[in-house]
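A.B. asks: What follows is a predicted structure for the sequence shown.
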Amino acid sequence: MPRRHLLPPPTPAERAVVAAAKARLDRLSLYPTPVDIRRVRILQTPWLFELPWFRRFDGYEAGPLVFLRRPLEQTSEDLIVHELCHVWQSQHRFLRMALSYLWEGYRDNRHEVEARLGRGDRRTLGGGAGRQQTAARHASREPSVGRSSGSPRERPVWPPRGAR
Ligand SMILES: [Zn+2]
């Protein structure tokens, strides 16, 4: 697989944060099988976040790739968990996930609500979860403290839907 050599091998720090994020997601039961992290890579691409569409985000997921605005050591684990949750979603419902942003928008999108659950909220989405989703959404709006990159801003999924 020559594609493997397009990227430098993951550093121990990258492996560690991906493993830690997976451990947090594994406590949620959103999908029948746990997130597969074998192909997941984290890339710092500050130039990407200079582009108009991406300016509002600090992280962006595309398939197995997670793009970060800042170096890994300046990025909160919460953001990695959030993005890895999108990786997980894409592994289980890629098409529905992509299309959902077209008709559900961003903020209340099911996939965003799920990804916010990984942020220290261990409740799962289940029957009658509307109230829980609301609670999680509101909690996620609060600025993170004690982390250098605590901004909750991150990315929508491809295709870019009409979020403001
Ligand atoms: Zn998201």
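C.D. replies: Received it, and whenever you're ready, just let me know what you need.
A.B. asks: Now stretch 111-122: average pLDDT?
C.D. replies: On average, the pLDDT along stretch 111-122 is 79.
A.B. asks: Check stretch 37-47 too.
C.D. replies: Mean predicted lDDT for stretch 37-47 stands at 96.
A.B. asks: so what's Arg39 up against?
C.D. replies: Contacts for Arg39 were tallied using Cβ atoms under 8 Å, 6 or more residues apart in numbering; they are Pro64. The way it works is simple: take the backbone N, C-alpha and C, and place the C-beta from them, glycine included.
A.B. asks: and stretch 79-96, which residues are buried?
C.D. replies: Within stretch 79-96, the residues that qualify as buried are 79-91, counting by 16 or more other Cβ atoms under 10 Å.
A.B. asks: Tabulate the CA atom coordinates of it in PDB.
C.D. replies: This file holds the C-alpha atoms of stretch 79-96, laid out as PDB (Å, rounded to 0.1, in the frame of the first residue of the first chain):
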ATOM      1  CA  LEU A  79     -11.500  18.300  20.400                       C
ATOM      2  CA  ILE A  80      -9.800  15.000  19.400                       C
ATOM      3  CA  VAL A  81     -12.600  13.000  21.000                       C
ATOM      4  CA  HIS A  82     -15.100  15.100  19.100                       C
ATOM      5  CA  GLU A  83     -13.400  14.600  15.800                       C
ATOM      6  CA  LEU A  84     -12.800  10.900  16.400                       C
ATOM      7  CA  CYS A  85     -16.500  10.600  17.100                       C
ATOM      8  CA  HIS A  86     -17.100  11.900  13.500                       C
ATOM      9  CA  VAL A  87     -14.600   9.300  12.200                       C
ATOM     10  CA  TRP A  88     -16.700   6.700  14.100                       C
ATOM     11  CA  GLN A  89     -19.900   8.000  12.600                       C
ATOM     12  CA  SER A  90     -18.400   8.000   9.100                       C
ATOM     13  CA  GLN A  91     -17.400   4.400   9.600                       C
ATOM     14  CA  HIS A  92     -21.000   3.400  10.300                       C
ATOM     15  CA  ARG A  93     -23.200   5.800   8.300                       C
ATOM     16  CA  PHE A  94     -21.100   7.800   5.900                       C
ATOM     17  CA  LEU A  95     -23.700   8.700   3.400                       C
ATOM     18  CA  ARG A  96     -26.500   9.500   5.900                       C
END
